[in-house]
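[1] Here is a sequence together with a model predicted from it:
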Amino acid sequence: MRKHKLLIAVIMFGLTWAGIVKAEDQPIEQQLIDAMNKVFGAHPGFRANHAKGIVVEGNFKASAEAAGLSRAVLFNGSPIPATLRFSDSTGLPNIADGSTNANPHGMAIKFHLPDGSDIDIVINSLKFFPVATGEDFRDLLLALSASPPDAPKPTKFEQFKSSHPSVPAALATASTPGSFADEEYYGVDAFVFINKDGARQAVRSDDTRACRASCCG
């Protein structure tokens, strides 16, 4: 199956290079990467976004109350090894951590469970995401790439923000902290917790300062 997918990817790349497959016919994931590279430039060996980051390791230990919310082993109170990556926004590998363009900052957590499986959480310092779909995010990036400092007013990005009020509202929730020890991170997605009685509860991370304290010891 992996060889089959790789072959398809190679064929699609070749057809695109030859001009047979249009960019809009690519999977949305590829369109997003291409749009990010238009904004930040391509930097081989680095991610297209959140290129600059630092990886740390530690242990996560849930509070006693957590076991009442979820029967997952992650919340049973035992130390769970975790790998975290703190990152700056943009695809620029050398961006300054304190730059306003480094917002929103990101944090990715990989919990390593006793059975060898992992749980991943990806969060950032925006209180909510600017748009709701991959296609809208692609269009946001393309509008940004088409809006250099000398672009006529209103720029493509200004027009996009005007038609998508959630964009400026979301961007206004992230700012450069006085210290990264005080940075707050928020979940983009909600998770469903199931407790020992089978009760289900949707939850969303609203502030991970306490999580950082327990993970990074």
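    Nice, thanks for sending it over.

[2] drop to CA atoms for contacts and neighbour counts, all remaining ones
    Fine.

[3] Where does the prediction get shaky in this structure?
    1-23, 206-217 (pLDDT under 70).

[4] Can you list phi and psi of Ala82 for me?
    phi -140, psi 140 (degrees, to the nearest 10).

[5] So what pairs up with it in the strands?
    For Ala82, the beta-bridge assignment (DSSP bridges) gives partners Gly58, Phe111.

[6] ok, how many other residues are close to it?
    A count of nearby residues for Ala82, using other CA atoms under 10 Å, gives 20.

[7] Adjust the sequence numbering to begin at 369 for everything that follows.
    With 369 as the first residue, the last one maps to Ala450.

[8] Contact partners for it?
    Counting by CA atoms under 8 Å, 6 or more residues apart in numbering, Ala450 makes contact with Glu425, Gly426, Asn427, Phe428, Ile477, Lys478, Phe479, His480, Cys583.

[9] I'd like the residues you listed laid out as JSON lines, including distance to Lys524 and neighbour count.
    JSON lines is the format used below for the contacts of Ala450 (distance: CA to CA, whole Å; neighbours: other CA atoms under 10 Å):
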{"residue": "Glu425", "distance to Lys524": "41", "neighbour count": "15"}
{"residue": "Gly426", "distance to Lys524": "44", "neighbour count": "16"}
{"residue": "Asn427", "distance to Lys524": "45", "neighbour count": "18"}
{"residue": "Phe428", "distance to Lys524": "44", "neighbour count": "24"}
{"residue": "Ile477", "distance to Lys524": "35", "neighbour count": "21"}
{"residue": "Lys478", "distance to Lys524": "37", "neighbour count": "17"}
{"residue": "Phe479", "distance to Lys524": "40", "neighbour count": "20"}
{"residue": "His480", "distance to Lys524": "43", "neighbour count": "18"}
{"residue": "Cys583", "distance to Lys524": "41", "neighbour count": "23"}
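
[10] Pro449: which of the residues you listed is nearest?
    Nearest to Pro449 out of the contacts of Ala450 is Asn427 (CA to CA; 4.4 Å).

[11] returning to what we had before: biggest separation within the contacts of Ala450, which pair?
    His480 and Cys583 (12.0 Å).

[12] if we can go back for a sec, redo the contacts of Ala450 as a markdown table? Include distance to Ser534.
    Below are the contacts of Ala450 laid out as a markdown table (distance: CA to CA, whole Å):
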| residue | distance to Ser534 |
| --- | --- |
| Glu425 | 35 |
| Gly426 | 36 |
| Asn427 | 36 |
| Phe428 | 34 |
| Ile477 | 27 |
| Lys478 | 29 |
| Phe479 | 32 |
| His480 | 35 |
| Cys583 | 32 |
